[in-house]
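Visitor: Need a 3D model of the following:
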Amino acid sequence: MSHVDLIAGPPPTHLPDDPADAELANGDSPAAVVRRHPASPFAWAALADQARDQGADDVTVYAYARVGYHRSLDLLRRNGWKGHGPVPWEHEPNRGFLRCLATLALSARAIGEDDEWQRCSDFLRDSSPAAADTLLGSA
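Guide: This is a model prediction of the structure:
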């Protein structure tokens, strides 16, 4: 009889490669990549980052990050995630989701949505402490 560790929790979720990542790395604009891959966490994360870096209103950044977050949840569920458990930063295809979640947390804080900031930053730390350290630092 095999032993099942019931305390260990769910296994890590590893998302598949995201074709948008390569297109973004090749210099395609985030908006063009979102149009080609609207379900891509990487594309939405890049669009949110670009908006933030270009001085867009925090509400705009929040909206892009929120779309990416929700598209990420769909992708996570299709890949076996049950609503909790590790989503390791070390697995690069997970980084689109983790970036969306971090940007959502930071932009929520920027617009004064403190409960959402706390929920998202906790969710990020629970999913991947390494991502939280990298993306939120001491925020």
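
Visitor: Tell me which residue lies nearest the centroid of this structure.
Guide: residue 97 (2.2 Å; C-alpha atoms, centre = their mean).

Visitor: Leaving out sequence neighbours, find the closest residue to that residue.
Guide: Nearest in space to residue 97, with sequence neighbours left out and distances taken as C-beta to C-beta, 6 or more residues apart in numbering, is residue 72 at 3.7 Å. Just so you know, the C-beta spots here come from the backbone N, C-alpha and C atoms, and that holds for glycine as well.

Visitor: do residue 41 as well
Guide: residue 96 (3.0 Å).

Visitor: Show me which residues of whichever helix or strand that neighbour is part of are buried.
Guide: Residue 96 belongs to helix 95-110 when assigned by DSSP states H and E. By 16 or more other C-beta atoms under 10 Å, the buried positions in helix 95-110 come out as 95-109.

Visitor: could you give me the average pLDDT of it?
Guide: Averaging pLDDT along helix 95-110 gives 98.

Visitor: who are the neighbours of it, in terms of helices and strands?
Guide: Judged by 3 or more C-beta pairs under 8 Å, 6 or more residues apart in numbering; DSSP states H and E, helix 95-110 is in contact with helix 41-53, helix 58-78, helix 114-127, helix 129-136.

Visitor: Point me to the helix or strand that includes the residue nearest to residue 12 when sequence neighbours are not counted.
Guide: Spatial nearest neighbour of residue 12, chain neighbours left out: residue 86 (4.2 Å); criterion: C-beta to C-beta, 6+ apart. Applying DSSP H and E as the criterion places residue 86 outside every helix and strand.

Visitor: From residue 112, how far out is residue 86?
Guide: Separation of residue 86 from residue 112 (C-beta to C-beta, to the nearest Å): 30 Å.

Visitor: Then residue 30?
Guide: The value you get for residue 30 to residue 112, if C-beta to C-beta is used, is 26 Å.

Visitor: Cool, thanks, talk later.
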